[in-house]
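Asks: take this sequence and fold it.
(one chain, ligands or ions: 1)
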Amino acid sequence: MAKEFEPITNLIQSAKIKWLRKAVADEELRSIVKENREEFDMLMTYYKCAMMEMETKIKVLREEFALEINRNPIEYYKTRLKTEASIVEKLQRRGLPVDLKTMEENLFDIAGIRVVCSYPQDVYTLAECLIRQDDVKLIEQKDYIKNPKPSGYRSLHLIVEVPIFLRNEKRPVKVEIQLRTIAMDFWASVEHKLQYKQKVASEEAEQLARELAECADMSASLDYRMQSIRNRISDIEE
Ligand code: 0O2
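Replies: All right, here's what the predicted structure looks like:
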């Protein structure tokens, strides 16, 4: 079945809205952050600590995998904290009030870790290893590998809650984990660049989006083919 592409007028309109929202967000951000600087910084520190907790878990698994199966499913990983402007922009896009309580209750991707694996199987193995740890609580799972986005985007997204241990309290904090293969990561980084190229002519943008969607499908089938070759090699070795 032919894929549906977003009409280019919608894309242009949403780029304009995004720009306007950003301008408003920057202004609103300045006053909100000024009023709540201390509280905001503290909250961001909690997210940073939770991100570090997840990073440690990834590092530990990486070490263990290296010992046990002599092949590391984790190629590389990246951590990131959402910027202040991007937090405000997302709240506004969702029509939510811009305050710290709303931010904490509604945005689950302020702390993020992206883990890149070699094969699709590794993505699920790793996700399972993380979810079954008893201090990790799975809040939400979005499987864009089994159900890719219309753009072609593929990844496994997990929202988890991990405890951080502070001086006088234990606090659960949400972290978004994006797990994907090298091929999915390569595709997402190329496609991400296109999203920010507002000067591309509409026809060209549509053509590029179509080609990218095709590439995503090709890249997915290559991922599974390579995985099957890897499995056959492992069988021979065993
Ligand atoms: P950043 O800088 O990576 O954080 P929303 O964020 O409102 O779209 P939701 O439900 O929070 O909605 O998130 P969703 O769609 O499950 O996942 C959002 C994140 O996944 C994005 O984060 C991207 O990192 C990635 N992503 C999702 N769809 C695409 C896509 O089509 N192309 C690419 N390249 N990445 C995608 P942010 O917040 O956009 O940015």
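Asks: now the closest residue to residue 216 other than its chain neighbours: how far from the ligand?
Replies: If you skip the residues right next to it in sequence, residue 216 has residue 152 as its closest partner in space, 2.7 Å away by Cβ to Cβ, 6 or more residues apart in numbering. No exception for glycine: its C-beta is placed from N, CA and C like everyone else's. According to Cβ to the nearest ligand atom, to the nearest Å, residue 152 and the ligand sit 7 Å apart.
Asks: again with residue 230
Replies: Applying Cβ to the nearest ligand atom to residue 230 and the ligand gives a distance of 26 Å.
Asks: list the contacts of the closest residue to that residue other than its chain neighbours.
Replies: For residue 230, ignoring the flanking residues on the chain, the nearest one in space by Cβ to Cβ, 6+ apart is residue 119 at 6.1 Å. Taking Cβ atoms under 8 Å, 6 or more residues apart in numbering as the criterion, residue 119 is in contact with 73, 181, 223, 226-227, 230.
Asks: residue 191 too?
Replies: With Cβ under 8 Å, 6+ apart as the criterion, the residues that contact residue 191 are 151-153, 212.
Asks: okay, and which of the residues you listed map to helices?
Replies: When DSSP state H is applied, the contacts of residue 191 are split such that residue 212 fall in helices.
Asks: next, format the contacts of residue 191 as TSV and append pLDDT and neighbour count.
Replies: As requested, these are arranged in TSV below (pLDDT from 0 to 100; neighbours: other Cβ atoms under 10 Å):
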residue	pLDDT	neighbour count
151	93	19
152	96	24
153	97	18
212	94	17
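Asks: closest one of the contacts of residue 191 to residue 131?
Replies: The shortest gap between residue 131 and any of the contacts of residue 191 belongs to residue 153, at 21.9 Å (Cβ to Cβ).
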